[in-house]
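A.B. asks: Sequence plus the predicted model coming up.
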Amino acid sequence: MSEQQLRRHSRETRFASVDDVIDRLNPSYPVFCVFPDILRERAQTFVEGFPGTVLYAVKCNPHPYVLRSLWEGGIRHFDTASIFEIAKVTEQFPEAHCYFNHPVKGRGALDSAVDVYGLTDFVVDDMHELDKVIRYAGTDITVEVRLATPKGRAVYNLSAKFGAPPDDGVALLKEASRRGCRTALAFHVGSQCLDPDAFRIAMELAMDVAGKADVPLEYLDVGGGFPARYKMDVPPLRDYFDVIRETRDRLGITVPLMGEPGRALVASGCSVLTQVHLRKGNDLYINDGIYGCLSEIRDGDLDPPVRAIRRKGEALAGHTQPFRIFGPTCDSLDVLKLPFHLPDNIQEGDWIEFGLMGAYSIGMQTGFNGFVTDTIVRIDGTHSDFDF
């Protein structure tokens with residue numbers, strides 16, 4: 001069977017495990033593995049535990065397998081940032097509710113979002129953007145004013161790029177309401193937020209802004225930031241839900257809450273299977289890297305679980321040692337900064353599975369140098385070889 005046939009075969013066949021993928025495909029190319037049952041469970045956890053409506057942040061992983069699994073788990077609302085994402089969701093689920101939550105939107109995108117897809121919820125953080133949205137969407141819409149929040153213990157500070165200061169937020173709410181729009185508030189405490197209390201601080205800020213604006217709110221969107229369990233000190237997900245619920249009750253917030261989880265929804269539901277193509281001492285050269293599915297490992301200093309696999313059931317056991325891992329491109333920047341501890345007898349032809357790779361992975365690959373991960377397989381069952 002040719003490599004092209006193997007790739008086509010993998011897309012149409014379900015597998016029992018990652019080891020089953022290796023046994024049946026013997027892939028020399030990287031394979032993106034999706035665990036639909038795990039994704040459905042994560043979706044149900046959010047739908048049942050979050051004290052409001054759950055929007056999936058599509059940018060995190062827009063693959064149809066992922067979207068389908070989340071839909072089956074109860075997700076009906078989607079945080080979308082582009083016409084591509086809006087189309088991806090609505091063409092698969094015509095009854096889905098999409099929110100155009102990018103604070104800066106092109107005029108052509110706004111035109112299509114309104115005329116083609118019928119969107120009615122738009123985020124803004126600037127008066128010029130409010131003017132632009134109203135010009136294309138009219139005033140029978142909900143304008144969601146995004147506030148900047150204090151920098152906390154998050155891997156990525158998203159308020160460094162987006163979000164209005166409190167006084168500007170007040171002005172935006174008043175102007176949107178004066179012009180006949182429905183109004184709402186939103187914020188984002190930062191991606192991979194390690195402190196649940198960041199939500200309390202941001203909700204208090206939002207309610208202070210709402211009080212000063214004195215306009216009716218449709219909802220409060222508390223954004224994303226819910227973390228995945230990389231090798232970090234990550235509080236339980238229920239702690240975040242509890243803080244949000246308790247703050248809502250203490251402040252007397254009566255409008256509906258919304259949240260935009262991405263990473264915490266999908267990280268544990270996918271892994272990336274790579275192969276070692278060369279070993280040079282303590283350096284391993286594999287067939288995926290920072291221009292493929294592994295960019296966030298470097299950019300966020302994330303440390304996902306890994307395991308080494310050899311075909312035919314031969315265990316890679318014994319002592320482990322740190323290895324530096326290079327990606328497949330000819331760019332010397334294509335290297336993971338953190339060392340990975342793997343068995344000292346790993347060699348060319350062995351495989352390395354990276355766990356917790358559902359978030360900001362396959363959706364971020366570039367195809368640079370002609371290297372692309374285009375084999376995606378579905379693996380049945382909620383079992384993973386990693387303890388998350």
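C.D. replies: Yep, it's here. If you're wondering where the values come from, they're calculated on a predicted model, not measured in any experiment.
A.B. asks: Tell me how the chain divides into domains.
C.D. replies: Using automatic domain parsing, the domain parsing of the chain gives 3-35+267-379, 51-260.
A.B. asks: By mean pLDDT, show me the worst of those.
C.D. replies: Mean pLDDT values for these show the minimum at domain 3-35+267-379, a mean of 90.
A.B. asks: gap between it and the chain center?
C.D. replies: Relative to the chain's own centre, domain 3-35+267-379 is displaced by 19 Å; criterion: C-alpha atoms, centre = their mean, to the nearest Å.
A.B. asks: Name the residues of stretch 22-32 that are buried.
C.D. replies: Across stretch 22-32, burial judged by 16 or more other C-beta atoms under 10 Å covers 22, 25, 27, 29, 30, 31, 32. The C-beta positions use only the backbone N, C-alpha and C, and glycine is treated the same way.
A.B. asks: what kind of secondary structure is the residue lying closest to the last one once chain neighbours are set aside in?
C.D. replies: Translated: residue 32. Nearest residue to residue 32, sequence neighbours excluded (C-beta to C-beta, 6 or more residues apart in numbering): residue 376, at 4.6 Å. Here residue 376 is strand, with the state taken from DSSP: H, G, I helix; E, B strand; the rest coil.
A.B. asks: related to what we said a few turns ago, make TSV from the buried residues of stretch 22-32 and add distance to residue 67 and secondary structure to it.
C.D. replies: What follows is these, written out as TSV (distance: C-beta to C-beta, whole Å; DSSP: H, G, I helix; E, B strand; the rest coil):
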residue	distance to residue 67	secondary structure
22	27	helix
25	24	helix
27	24	coil
29	24	coil
30	21	coil
31	20	strand
32	15	strand
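A.B. asks: out of those residues, which one sits closest to residue 53?
C.D. replies: Nearest to residue 53 among these: residue 32, at 29.2 Å, using C-beta to C-beta.
A.B. asks: Just confirm the closest one contacts residue 294, I think it does.
C.D. replies: No - Residue 32 lies out of contact with residue 294 (C-beta atoms under 8 Å); the separation is 11.2 Å.
A.B. asks: Find residues that contact each of these two.
C.D. replies: Common neighbours of residue 32 and residue 294, using C-beta atoms under 8 Å, 6 or more residues apart in numbering, are 272, 357, 361.
A.B. asks: Kindly provide the distance from the nearest residue to residue 292 once chain neighbours are set aside to residue 118.
C.D. replies: With sequence-adjacent residues excluded and distances taken as C-beta to C-beta, 6+ apart, residue 292 is closest to residue 365, at 4.5 Å. Distance, residue 365 to residue 118, by C-beta to C-beta, to the nearest Å: 31 Å.
A.B. asks: Who has more neighbours out of those two?
C.D. replies: residue 365 (21 against 10; other C-beta atoms under 10 Å).
A.B. asks: Relative to residue 96, how far out is that one?
C.D. replies: Computed as C-beta to C-beta, the residue 365 to residue 96 distance reads 25 Å.
A.B. asks: that older thread, burial check on the residue nearest to residue 32, number of neighbours?
C.D. replies: Using other C-beta under 10 Å, residue 376 is surrounded by 18 other residues.
A.B. asks: swap in residue 91?
C.D. replies: Residue 91: 11 surrounding residues under other C-beta under 10 Å.
A.B. asks: and what of residue 212?
C.D. replies: The number of residues packed near residue 212 is 15, by other C-beta under 10 Å.
A.B. asks: Spatially nearest residue to it, not counting backbone neighbours?
C.D. replies: Spatial nearest neighbour of residue 212, chain neighbours left out: residue 170 (4.7 Å); criterion: C-beta to C-beta, 6+ apart.
A.B. asks: Quick check: buried residues in the helix or strand that that neighbour is a member of?
C.D. replies: Per DSSP states H and E, residue 170 falls inside helix 166-178. Across helix 166-178, burial judged by 16+ other C-beta under 10 Å covers 168, 169, 170, 171, 172, 173, 174, 175, 176, 177.
A.B. asks: Return the closest of these with respect to residue 67.
C.D. replies: Comparing the buried residues of helix 166-178 against residue 67 with C-beta to C-beta picks out residue 176 as the nearest, at 30.6 Å.
A.B. asks: ok, for that closest one, nearest residue in space, not its chain neighbours?
C.D. replies: Once flanking residues are discounted, residue 176 sits nearest to residue 143: 4.0 Å by C-beta to C-beta, 6+ apart.
A.B. asks: now that neighbour, what's its secondary structure?
C.D. replies: strand.
A.B. asks: number of nearby residues for it?
C.D. replies: Residue 143, neighbours per other C-beta under 10 Å, totals 25.
A.B. asks: My read is that it contacts residue 122, right?
C.D. replies: Yes - between residue 143 and residue 122 there is a contact under C-beta under 8 Å: 6.1 Å.
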